[in-house]
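# My questions are about this predicted structure, shown below with the sequence.
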Amino acid sequence: RYIKPDFVHVFVDGRIAEQGGPELADRLEDEGYDRFLTEANVG
């Protein structure tokens, strides 16, 4: 919570699943990474 990133990259299976700014970091903090794992298993 003390460090705010300029850019955020979410990697799933070695590929970028989503990228964004500080708002993505906040969203990940609130929601977690589960949706990326689910999408990786479906796709």
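It's in.
# and the residue sitting nearest the centre point of the chain, what does it touch?
For the chain, the residue whose C-alpha lies nearest the mean C-alpha position (C-alpha atoms, centre = their mean) is Val10; its distance is 4.0 Å. Val10 makes contact with 16-19, 24, 28, 33, 36 under the criterion C-beta atoms under 8 Å, 6 or more residues apart in numbering. Yep, even glycine has a C-beta here, placed from its N, CA and C like the rest.
# go with 7 Å
Applying C-beta atoms under 7 Å, 6 or more residues apart in numbering to Val10 gives the contacts 16-18, 36.
# out of those residues, who's nearest Ile3?
Relative to Ile3, the closest of the contacts of Val10 is Glu18; by C-beta to C-beta it sits at 19.6 Å.
# okay, the contacts of Val10 in JSON lines with neighbour count, secondary structure and pLDDT next?
Formatted as JSON lines, the contacts of Val10 follow (neighbours: other C-beta atoms under 10 Å; DSSP: H, G, I helix; E, B strand; the rest coil; pLDDT from 0 to 100):
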{"residue": "Ile16", "neighbour count": "9", "secondary structure": "strand", "pLDDT": "94"}
{"residue": "Ala17", "neighbour count": "16", "secondary structure": "strand", "pLDDT": "92"}
{"residue": "Glu18", "neighbour count": "15", "secondary structure": "strand", "pLDDT": "94"}
{"residue": "Phe36", "neighbour count": "16", "secondary structure": "helix", "pLDDT": "84"}
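# Give the helix, strand or coil label for the residue nearest to the centre of the chain.
Taking DSSP: H, G, I helix; E, B strand; the rest coil as the rule, one finds Val10 in the strand state.
# From Asn41, how far off is it?
15 Å (C-beta to C-beta, to the nearest Å).
# same thing with Lys4?
For Lys4, the distance to Asn41 - C-beta to C-beta - is 31 Å.
# How about Leu24?
Look at Leu24 and Asn41: by C-beta to C-beta, they are 21 Å apart.
# Between those two, tell me which one has more neighbours.
Each of Leu24 and Asn41 has its neighbours counted (other C-beta atoms under 10 Å); Leu24 has more, 16 against 8.
# isn't that one right next to Phe7, touching?
No - using C-beta atoms under 7 Å, Leu24 is not in contact with Phe7; the gap is 8.8 Å.
# Please consider this matter closed, and thank you.
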